[in-house]
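Engineer: What follows is a predicted protein model with its sequence.
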Amino acid sequence: MNHFKLFAHGEEFDVDAFLAVTPLTIDRTWRRGDLRGHPEFIQDRHPTSGVEICLGPGRTLSDGEQDRIAAAFLEVNEDALKALAQFPGVTIFILGLHHYVELMPNVVGFCMSPSARLMYFALRVGLTPTFYVDLDRKDFDDEVS
């Protein structure tokens, strides 16, 4: 799954009204009540309406590349993203950064933070950077092979 994306949503967010006025290219939309997940397996419905913009293949981009791409995107699209953050009904506005890590058995934790440049633009735009972490825990047997 790719988590390198920007998304905004809310229970009262009118996606169609937003699409009519934004210059942003939106990759995916959903509306409150739409089915979410694979219809054969999940019969859950979206509690919110929202939009998503994919920023790249997060699983294959390094943390540094994602940081640079995201900061540049926020800088270039600052006004349109501020308008999205302030659009009626938007209550959640997140920049997702994808981090994949192979953990050796002796690792008990780690920490992460975005660059100062990315935080600067995130604050200016009004969104929250969030790291989505995929863990691949290695066994001692994998370590010695």
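Structural biologist: Perfect, I can see it now.

Engineer: Spit out the contact partners of the residue lying closest to residue 114 once chain neighbours are set aside.
Structural biologist: Leaving aside its chain neighbours, residue 114 sits nearest to residue 129 (4.8 Å; criterion: Cβ to Cβ, 6 or more residues apart in numbering). Using the backbone N, CA and C atoms, a C-beta is placed for each residue, glycine as well. Neighbour list for residue 129: 70, 94, 95, 97, 114, 118, 119, 122 [criterion: Cβ atoms under 8 Å, 6 or more residues apart in numbering].

Engineer: Can you classify residue 129 as helix, strand or coil?
Structural biologist: strand (DSSP: H, G, I helix; E, B strand; the rest coil).

Engineer: Just list whatever residues bridge to it.
Structural biologist: residue 95 (DSSP bridges).

Engineer: Please report how far it lies from residue 48.
Structural biologist: According to Cβ to Cβ, to the nearest Å, residue 129 and residue 48 sit 20 Å apart.

Engineer: same check, this time on residue 11
Structural biologist: Separation of residue 11 from residue 48 (Cβ to Cβ) stands at 5 Å.

Engineer: neighbour count winner among these two?
Structural biologist: residue 48 (20 against 12; other Cβ atoms under 10 Å).

Engineer: Could I get the average pLDDT for the host helix or strand of residue 84?
Structural biologist: Assessed by DSSP states H and E, residue 84 sits inside helix 78-85. Helix 78-85 shows a mean pLDDT of 98.
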